[in-house]
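Colleague: Sequence and predicted model, in that order:
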Amino acid sequence: MTLPQILTPAVEKAVKALFDVTLDKVEFQTTRKEFEGDITMVIFPLLKMVKSNPVELGNKIGNYLVENLTEVSQFNVVSGFLNIVISDTYYIEFFAKIKDNDKFGYVSSSQSGGENEKAILVEYSSPNTNKPLHLGHVRNNLLGYSVAEIIKASGKKVYKTQIINDRGIHICKSMLAWQKLGNGQTPQSTGLKGDKLVGNYYVAFDKAYKEEIAHLMNAGKTEDEAKKQAPIILEAQEMLLKWESGDEEVIKLWKMMNQWVYDGFAITYKNLGVDFDKYYYESNTYLLGKDVVQIGLDKGVFEKDPDGSVWIDLTEEGLDRKIVLRSDGTAVYMTQDIGTAIQRVKDFPDVGGMVYTVGNEQDYHFKVLFLILKKLGFDWSKNLFHLSYGMVDLPSGKMKSREGTVVDADDLMQEMTDTAQKIAEDLGKLDSYSEEEKAKLYNTIGLGALKYYILKVDPKKRILFNPEESVDFAGNTGPFIQYTYARIQSIIRKADFDFTNKSEITILHEKEKELVKQLELFPEVIQNAAQHHSPALLANFTYDLVRAYNSFYQAVSILGEEDLHKKIFRVQLSKKVADVIASSFKLLGINVPERM
C-alpha cells in the first residue's frame, strides 16, 4: 500500500471522530523541501465543512494520526497544510518488502482487471521504402518503443506494430532511377545497406528530374509546365499505373528493391534496439476502408455530393468537411486509416485502444480520424491516442548525411558511439578492458546518451539535439546515470561479506530515508508515464533517484561502516537503487554497463 492509501482512511476516521464530518476526498502532496515532513495533507477543502481555522484543524488531525497510526511519528502545521513525518520503521519495513522483488514497480497483466484486460496496440516507425531511416524516425522509434514497454509494465497487454509506406510515386522514382542508372547494382555488389542503396537512387531521380525541368524551362516552358512534362516524371507515373494494374515485371522489380530496404531497416532496428509484433504494408491496406464508406452513408454519418464524392461534415465539432471517397471511387489516406484501424481490431480481437506515434504535423488528421471512428460507432474509438511529438534539430552542420539533406539514423548512431569513445578515452579509465569490451561499452554509452537525451524531453516539445552535450558524464544525461549504476556494481563486487543477511537497523540516516522515499515513487511513476504516454516522466525520475543516491554516497560510509547492520542495509539499499535504475532504463530501451 502507498502512503496515501494508508493515510486516507485514517484521516477520514479522524475527521469523523473529531468533527462528525464525512470526507469525499483527501488531498495529499509532496512536502515542500523547506518544511519538515514526508507527505502533506491539504487542509483548505475541510474549511467548507468545519467552522475552524486551518492551523487548529491541522493540529487536531495531526494529533489524532500520531496517537492512532504507528506510521506517523510527528507533524507540523504551516498555514493550511499538515506536514506529516513518517516513522523510520515504516520505511525500513517497506524496504524489506521490495529489496528482493525483481519486478518491483511492474504490474503483470494478470494482476490487472476490467478495462486493463483489453490490449493496447502501439504504432511507431512507419517509414517509406524509398530512403533510409533518419533522425525524425529515431525519435519516433524511441518514443513508440518506450511507451509500449511502459504501458506493458503498467499492467496491460501490448502489441507493437508499424505500417510501411511501400507504394506510390515516390517508390516508383527509386525503381525507375535504378532501372536507368543502376547497371544491376545490388547491396551485395556495392557493400551498401539496401535502404541506403535505394535511397541513393531516389536522390539520383531527383537530380535527373531537376535537370530535365531546367532544360524544358530553357526551351520556353513555364516551371509548372516543365514539372508536369519532364519525361522522367511521366515515366514514373506510367510505372505506377503498371504497378496498380499488376504488371509482372514492375511487381518483380518492386518486390526486389523493397526487400533490400526491409533488410536494411532490420539492421537499423536491431542496432537501435526496437522491435515489432506485426507489420502492415500500405500495398495491402490502401483499399481498406472503401467498404466502410457505404456503412457510413447508411448510418447518415457520411454524405454524398452530386459528383459522387463522399464527405463527412465535422463543422459542428469545430473542424471542417473531410472527403473520404473521391468522385472516381478512389480512396484517400483518411479512408485507408479508417479501414486499417478496423482491420487491426479484427486481427487482434482483444485490442481496446491504440496509440499512434506520429509527428505533430498530423495533429489535425488524427482529430478527424478518431472522431470519424467514434461517429461510426466503434466502442474502442474512445481509447485512441495520438502520441504527437515535435521535430528534432541538430546544431548547424552536425552529422549531415552524404545527400546533405537529412541526418541518417545509422550515421547518427555511429557518430554517438564515436563520440562516447573519444570522451571515454580522454577520461582514461579503460586500461584493463579488451578491445571487444571497449567497443561494447562505447556502444552502450553512445546509444544510452542518444536515447536518454531524446526521451527525457516531453514528447510534445521540439528538441535541439547536441551530441557532445548528451555524452557528458555530469548532469541530466544517460552516461551520468549509467556511471552511477556502474559505481554501485563496483561497491557490490568489493563487498567481502554476506549482505543478503537481514539488517536489524531501527533508525535511518536522513539520506537513507530520502533514498527509500524516492524508490517508493517508482510504481506510481510507471503508472503516470503509461497514462500520459510520456517516457520523460520515467527518465527524470531516474535522474532524481541517481541524484539522491549520489548525495547518500557522499554523506555516509558504505563499505567502511563499522556497524555491520548499517553496512548490510547500505549495500542492500545501493543494490536496490541499481536494480531500479536498470528496470527504468530497460523501459526506455537503454542498457546499463557493469563497469565504466
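Modeller: Yes, it's here. A quick note: this is a predicted structure, and the numbers were derived from the prediction, not measured.
Colleague: Just the helices from the stretch 201-350 of the chain, written as ranges.
Modeller: 223-229, 231-244, 248-272, 282-285, 290-298, 333-347 (DSSP state H, counting those that start in this stretch).
Colleague: Nearest to Ser432 among those would be which one?
Modeller: Closest approach to Ser432 among the helices of the stretch 201-350 of the chain (CB to CB): helix 248-272, 26.8 Å. Every residue, glycine included, has its C-beta placed from N, CA and C.
Colleague: Just the buried positions in the closest one, please.
Modeller: 250, 253-254, 257-258, 260-262, 264-265, 268-269, 272 (16 or more other CB atoms under 10 Å).
Colleague: Need the three-state assignment for the residue positioned nearest the centre of the chain.
Modeller: Residue closest to the average C-alpha location in the chain (CA atoms, centre = their mean): Leu143, at 2.8 Å. Under DSSP: H, G, I helix; E, B strand; the rest coil, the three-state class of Leu143 is helix.
Colleague: which ones are touching it?
Modeller: 124, 357, 387, 389, 454-455, 459, 535 (CB atoms under 8 Å, 6 or more residues apart in numbering).
Colleague: Can you tell me, leaving aside adjacent residues, what's nearest to Lys429?
Modeller: Closest residue to Lys429 apart from its sequence neighbours, by CB to CB, 6 or more residues apart in numbering: Met596 at 7.2 Å.
Colleague: and the one you found, how far is that from Lys440?
Modeller: Using CB to CB, to the nearest Å, one obtains 12 Å as the distance from Met596 to Lys440.
Colleague: My reading is that Ile120 lies in a strand. Confirm?
Modeller: Yes - the assignment for Ile120 is a strand, going by three-state DSSP.
Colleague: tell me how far stretch 447-460 is from the chain's mean position?
Modeller: 9 Å (CA atoms, centre = their mean, to the nearest Å).
Colleague: Mind listing residues that contact the lengthiest strand in the chain?
Modeller: Scanning the chain for the strand with the most residues, using DSSP state E, yields strand 351-359. Strand 351-359 is touched from outside by 115, 118-126, 136, 140, 143-144, 147-148, 151, 159, 341, 344-345, 366, 380, 383-391, 533, with contacts defined as CB under 8 Å, 6+ apart.
Colleague: what ranges do the strands span in the chain?
Modeller: Using DSSP E, strands in the chain cover 28-29, 39-42, 72-78, 81-86, 119-123, 158-164, 278-281, 303-304, 310-313, 321-325, 351-359, 384-389, 392-393, 463-464.
Colleague: Mind putting those strands into CSV with distance to Arg570?
Modeller: Converted to CSV, these look like this (distance: least, CB to CB, whole Å):
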stretch, distance to Arg570
strand 28-29, 29
strand 39-42, 24
strand 72-78, 22
strand 81-86, 20
strand 119-123, 40
strand 158-164, 37
strand 278-281, 47
strand 303-304, 71
strand 310-313, 63
strand 321-325, 62
strand 351-359, 41
strand 384-389, 40
strand 392-393, 41
strand 463-464, 38
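Colleague: which one of the buried residues of helix 248-272 sits closest to Gln5?
Modeller: Leu272 (39.1 Å).
Colleague: Could you tell me how many residues sit around the closest residue to the closest one other than its chain neighbours?
Modeller: Nearest in space to Leu272, with sequence neighbours left out and distances taken as CB to CB, 6+ apart, is Asn141 at 5.9 Å. Per other CB atoms under 10 Å, the neighbour tally for Asn141 reads 27.
Colleague: Just to check, Asn141 is in contact with Lys270?
Modeller: No - here Asn141 lies out of contact with Lys270, judged by CB atoms under 8 Å, at a distance of 11.7 Å.
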